[in-house]
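Participant: Sequence below, structure please.
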Amino acid sequence: MPYVTPEQIERAKQMDLLTYLQYYEPQELVRFSGNVYTTRTHDSLKISNGKWCWWSRNIGGRSALDYLIKVRGMTLPEAVLQIDRQAAVTPPVSPKSQEPSEQKKLLLPEKNENNDRVIAYLMGRGIHREIIDYCIRTNRLYESHDYHNAVFISFDRQDFPKYATLRGTTNKRYMGEVNGSNKHFSFSIPARQESRRLHLFESAIDLLSYGTLELLADRDWRQDCCLSLVGIYKPKKIIEESTPPTALMQYLKDFPQIKEIALHLDNDTAGRLAAKTIKTILPPIYTVSDEPPKCGKDVNDYLKITLKIRQPRERE
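Facilitator: Residues are numbered from 1 along each chain as shown. Sure, this is the predicted structure:
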């Protein structure tokens, strides 16, 4: 077995995986989205913010040394010599000399003078006025000037708008997203106080529908955190090779206290497959429960059915 010195081990520990792949195995590095990368061999392995995680195997680390040992199966001396030999041939260039990637600017549509059409549209779908008013007051929702679309806004941890999705109020089949949107962030509502539990939905309207159902049941609709996904989540044919939804990964990174996840995805084939996949591939540190709507295609359908049942009882 080859011998390596403590100094060689210490040097090897200093190299992060992204730098290693950029300079010594660029053919293996694939940009996933934004500042997140994956590898050509293992596309469920994601690299971001100086760390890497192989989601399908529930292992991760920081350094290239960790990667070579845990993923490539090298011994410690073999991994140290691999890094040491490569660095001796081609020393990595300082990151400061690289051009920073330009961040896209979120081009939010102009606001309308009021939100009347958006309020009427959402109330027509059963959403409680208290919840609509909360979203407007916290700048999560407004009506666009030109087309009177509902604009649902997502923020990062510093409260900067990062993503916006559009929903038509006149052409009610219209759905889209704003130019410059960052798919790592999606529409969410925080818990009133810190919570370990997250509720996950396919759309912003399903999220608001769940809040309405909680309010109608005399429960605190902001007791837990709520997050919607950026469109329909499509796993791979072999679900173990799939990657969790980008917005969910970002949220769990931003809110590490989350340990329980309730899935409220649609009752159709795509929703059931998405729920099964997320339950399968999330690391075991999370307790994941599948809680689809009791009837109807989605949470908003279930809300409207619930309201129809309640109305005759309220008139009695």
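
Participant: what residues are up against residue 106?
Facilitator: 161, 162, 163, 164, 178, 179, 180, 181, 182 (Cβ atoms under 8 Å, 6 or more residues apart in numbering). Just so you know, the C-beta spots here come from the backbone N, C-alpha and C atoms, and that holds for glycine as well.

Participant: On the three-state scheme, residue 81 is what?
Facilitator: Under DSSP: H, G, I helix; E, B strand; the rest coil, residue 81 falls in the helix class.

Participant: about what we covered before: most neighbours out of the contacts of residue 106, which is it?
Facilitator: Taking other Cβ atoms under 10 Å as the neighbour criterion, residue 164 ranks highest of the contacts of residue 106 with 26 neighbours.

Participant: now the one helix or strand it maps to: mean pLDDT?
Facilitator: Assigned by DSSP states H and E, residue 164 belongs to strand 161-167. The pLDDT scores in strand 161-167 average 94.

Participant: what does that strand contact?
Facilitator: Residues outside strand 161-167 that contact it (Cβ under 8 Å, 6+ apart): 106, 108-109, 121, 144, 149-156, 174-178, 181-187, 204-205, 230.

Participant: do you know how far residue 74 is from residue 226?
Facilitator: Applying Cβ to Cβ, to the nearest Å, the value for residue 74 to residue 226 is 43 Å.

Participant: which of the two has more neighbours?
Facilitator: More crowded of residue 74 and residue 226, by other Cβ under 10 Å: residue 226, with 27 against 16.

Participant: pretty sure the more buried one contacts residue 203?
Facilitator: No. Between residue 226 and residue 203 there is no contact under Cβ atoms under 8 Å: 11.7 Å.

Participant: still on that earlier bit, can you tell me the strand partners of the following helix or strand past the strand holding residue 164 and which way each runs?
Facilitator: Remark: after strand 161-167, the chain's next helix or strand is strand 175-177, criterion DSSP H and E. Sheet pairing of strand 175-177 (DSSP bridges) gives strand 161-167 (antiparallel).

Participant: Alright, calling it a day.
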